[in-house]
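*Asks:* Fold the following for me, if possible:
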Amino acid sequence: MSRKDRITDILTRTFQPMHLEVLDESHMHAVAPGAESHFRVLVVSESFVDTGLLARHRLVNRVLDPELGAGLHALALHTWTPEEWFIKGGQAPESPPCQGGARPLSAAPREGTSSTSQ
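*Replies:* Below you'll find the predicted structure:
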């Protein structure tokens, strides 16, 4: 079973979402093909009603702890109530481009210099 399938299964069993998206965005990062390390997750569930954003993220991170301990590196979380889902037009924002890891460590600027200095 793929990591995407395991995440989908865990979140479905835990939150009984009215909508769930689990997207593997590993290809957008400097990782080996098939790494399954970076995911964007949208969970729309009544379980989040009367729960703050930070608490929602903690709930998701808690149930995905086994995956986080086994190579899952990054989660972009969107945890919405059904009302929030409809207000936001039923669509999660796109993830931004990767900001790190694309250049080898040897190419990183040394302390006291910038990447634009010559």
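*Asks:* So the residue nearest to Ala76 when sequence neighbours are not counted, which state does it fall into?
*Replies:* The shortest distance from Ala76 to any non-neighbouring residue, by C-beta to C-beta, 6 or more residues apart in numbering, is to Arg40 (4.2 Å). In this view, the C-beta of every residue, glycine as well, is placed from N, C-alpha and C. State at Arg40, reduced to three classes by DSSP: H, G, I helix; E, B strand; the rest coil: strand.
*Asks:* beta partners of Arg40?
*Replies:* Leu23, Ala76 (DSSP bridges).
*Asks:* correct me, but it touches Leu23?
*Replies:* Yes - using C-beta atoms under 8 Å, Arg40 makes contact with Leu23 at a distance of 4.5 Å.
*Asks:* So which of these two has more stuff around it?
*Replies:* For Arg40 versus Leu23, neighbours defined as other C-beta atoms under 10 Å are more numerous around Arg40 (19 against 15).
*Asks:* The more buried one: what's it in contact with?
*Replies:* The contact partners of Arg40, taken as C-beta atoms under 8 Å, 6 or more residues apart in numbering, are 21-23, 25, 75-76, 78, 92, 95.
*Asks:* Contacts for the longest helix anywhere in the chain, please.
*Replies:* Criterion DSSP state H: the longest helix present in the chain is helix 3-15. Contacts to helix 3-15, defined as C-beta under 8 Å, 6+ apart, come from residues 1, 17, 20, 22, 24, 36, 39, 41, 43, 45, 47-48, 59-60, 63-64, 67, 71-72.
*Asks:* Now it: buried residues?
*Replies:* Using 16 or more other C-beta atoms under 10 Å as the test for burial, helix 3-15 gives 3, 6-8, 10-11, 14-15.
*Asks:* now do stretch 83-92
*Replies:* 85, 92.
*Asks:* got the end-to-end distance for it?
*Replies:* Stretch 83-92 has an end-to-end distance of 14 Å (C-alpha to C-alpha, to the nearest Å).
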